[in-house]
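> Fold the following, please.
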Amino acid sequence: MLLQVLGTAAGGGVPQWNCACPGCTGARAHPRWRRRHASLAVRASDSRWYVVNATPDIGDQIEDTPSLRPGPGARRTPLAGLVLTDAELDHTLGIARLREARGLEVLATGAVREALLTGLHLGAVLGPYTSLNWRELPHEPHESSGPHELPEPLAADSAIEISAVPVSAKRPRYAADMTGPDDRTWVVALRLTDRATGATAIYAPALASWPDALQKAVTDADCVIVDGTFWDDEEPRRTGVSERTATGMGHLPIDGPGGTAERLAPLAARCLYTHLNNTNPLVDPGASQYELLAERGIEVAADGMVIEL
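Numbering: from 1, shown residues only. Got it, this is the predicted structure:
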């Protein structure tokens with residue numbers, strides 16, 4: 001299994017266009033601090049890739065990744081489709097950026113698909129340009145779901161299987177008043193398994209909760225990449241970006257009681273954080289928090305990182 005990290009920042013990126021916080025100011029002064037919106041490319045086969053979450057940076061992310069660039073034909077692209085973990089704007093605005101595609105396969109849960117089609121009217125907007133071919137993302141059971149859905153091959157000729165672990169019912173703001181089930185399929189973690197090697201990766205860039213199904217998934221995984229938006233629960237209020245805490249904004253913090261670091265530390269898997277907010281001290285590569293994570297055997301993913309399992 002080959003994974004390419006395309007970006008590791010939360011909404012707005014680092015630096016954020018309208019922000020002069022220490023993280024953004026540092027990123028303007030030091031290019032290695034810069035982070036694009038969180039996204040991951042998964043190789044389905046030798047010449048076919050799927051991108052997890054279509055961010056506003058997707059055009060630059062493709063150009064910066066040689067394996068995703070078009071060719072050898074004039075309009076031939078290795079990008080076979082998209083996989084969405086949720087319907088948030090920073091994970092879906094890039095779909096419109098791909099309007100030049102002859103057709104685009106999009107894997108998503110029913111809740112996410114309806115939010116994009118009904119809330120953002122994405123089908124109507126893109127209809128004159130390209131066709132969106134929706135495919136249901138198979139997911140594991142949760143409290144209000146039906147039978148267990150088996151994982152599916154990422155592509156017909158792929159040894160990579162995909163399924164989703166429902167995580168939370170956190171809706172994007174634009175979908176707050178939409179009808180539909182309030183279940184955990186609004187935000188999911190992805191489970192990617194290589195049938196040839198048995199290796200498994202979990203990708204969960206947005207975590208408002210840590211259900212039992214996710215705990216089981218990460219315990220059985222070889223690589224775990226999870227939400228690192230905020231270092232601690234008070235960070236949003238302390239830095240003035242919100243009157244709510246990290247958990248109140250729908251992101252489990254890294255540090256502190258109930259933080260994700262204490263859940264990741266005992267795992268045998270390689271564990272990494274992604275989706276860093278511009279206020280997170282980890283934006284600074286020299287921050288002391290890196291040593292605290294290293295003591296627990298936890299890493300921070302970097303833009304452009306390649307992970308082979």
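
> Any idea which residue is closest to the centre of this structure?
In the chain, the C-alpha nearest the mean C-alpha coordinate belongs to residue 205, at 4.0 Å (Cα atoms, centre = their mean).

> could you point out where the stretch 151-300 of the chain is predicted with low confidence?
Across the stretch 151-300 of the chain, not a single residue meets the criterion (pLDDT under 70).

> and the residue nearest to the centre of the chain, what does it touch?
Residues near residue 205 by Cβ atoms under 8 Å, 6 or more residues apart in numbering: 38, 53, 85, 91, 225, 226, 227, 274, 275. To be clear about C-beta, it is placed using only N, CA and C from the backbone, and glycine gets the same treatment.

> What about it? Give its phi and psi, please.
phi -80, psi -10 (degrees, to the nearest 10).

> Give me the neighbour count for the closest residue to it other than its chain neighbours.
Leaving aside its chain neighbours, residue 205 sits nearest to residue 275 (4.4 Å; criterion: Cβ to Cβ, 6 or more residues apart in numbering). By other Cβ atoms under 10 Å, 29 other residues sit near residue 275.

> how close does residue 275 sit to residue 235?
Applying Cβ to Cβ, to the nearest Å, the value for residue 275 to residue 235 is 14 Å.

> before we move on, what about residue 190?
Residue 190 is 26 Å from residue 235, by Cβ to Cβ.

> and if you look at residue 205?
From residue 205 to residue 235 the distance is 17 Å (Cβ to Cβ).

> contacting residues around residue 180?
By Cβ under 8 Å, 6+ apart, the neighbours of residue 180 are 111, 114, 115.

> pretty sure it is in a helix, no?
No. Using DSSP: H, G, I helix; E, B strand; the rest coil, the assignment for residue 180 is coil, not a helix.

> ok, which stretches of the protein are strands?
Remark: strands assigned in the chain by DSSP state E are 2-7, 39-45, 48-52, 79-83, 104-108, 132-136, 152-153, 160-168, 187-194, 200-204, 223-227, 270-274, 298-300, 306-308.

> Residue 253 is nearest to which of the ones you listed?
When the strands of the chain are ranked by proximity to residue 253, the top entry is strand 223-227, at 9.4 Å, counting by Cβ to Cβ.

> which secondary structure elements does the closest one contact?
Using 3 or more Cβ pairs under 8 Å, 6 or more residues apart in numbering; DSSP states H and E as the contact test, the elements touching strand 223-227 are strand 200-204, helix 260-264, strand 270-274.

> Among the contacts of residue 180, name the ones in helices.
111, 114 (DSSP state H).

> Adding distance to residue 162, neighbour count and pLDDT, write the contacts of residue 180 out as a markdown table.
Formatted as a markdown table, these follow (distance: Cβ to Cβ, whole Å; neighbours: other Cβ atoms under 10 Å; pLDDT from 0 to 100):
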| residue | distance to residue 162 | neighbour count | pLDDT |
| --- | --- | --- | --- |
| 111 | 17 | 24 | 96 |
| 114 | 20 | 17 | 96 |
| 115 | 20 | 25 | 97 |
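
> Distance to residue 151 for the contacts of residue 180 - can I get that in CSV?
Below are the contacts of residue 180 laid out as CSV (distance: Cβ to Cβ, whole Å):
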residue, distance to residue 151
111, 19
114, 23
115, 23
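
> hmm, back to that, from residue 286, how far off is the residue nearest to the centre of the chain?
Distance from residue 205 to residue 286, by Cβ to Cβ: 24 Å.

> same thing with residue 31?
15 Å.

> next one: residue 122
41 Å.

> For these two, work out which one has more neighbours and name it.
residue 122 (20 against 9).

> contacting residues around the residue lying closest to the more buried one once chain neighbours are set aside?
Nearest non-adjacent residue to residue 122, counting by Cβ to Cβ, 6+ apart: residue 116, 4.5 Å away. Taking Cβ under 8 Å, 6+ apart as the contact definition, residue 116 lies against 87, 92, 95, 108, 122, 123.

> can you give me the helices for the stretch 201-309 of the chain?
212-219, 235-239, 260-264, 289-295 (DSSP state H, counting those that start in this stretch).

> Format those as CSV; extra columns: distance to residue 100 and mean neighbour count.
Formatted as CSV, these follow (distance: least, Cβ to Cβ, whole Å; neighbours: other Cβ atoms under 10 Å):
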stretch, distance to residue 100, mean neighbour count
helix 212-219, 36, 17
helix 235-239, 37, 18
helix 260-264, 38, 20
helix 289-295, 40, 14
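
> I'd like the ones you listed as JSON lines, with distance to residue 249 appended.
JSON lines is the format used below for those (distance: least, Cβ to Cβ, whole Å):
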{"stretch": "helix 212-219", "distance to residue 249": "19"}
{"stretch": "helix 235-239", "distance to residue 249": "6"}
{"stretch": "helix 260-264", "distance to residue 249": "15"}
{"stretch": "helix 289-295", "distance to residue 249": "19"}
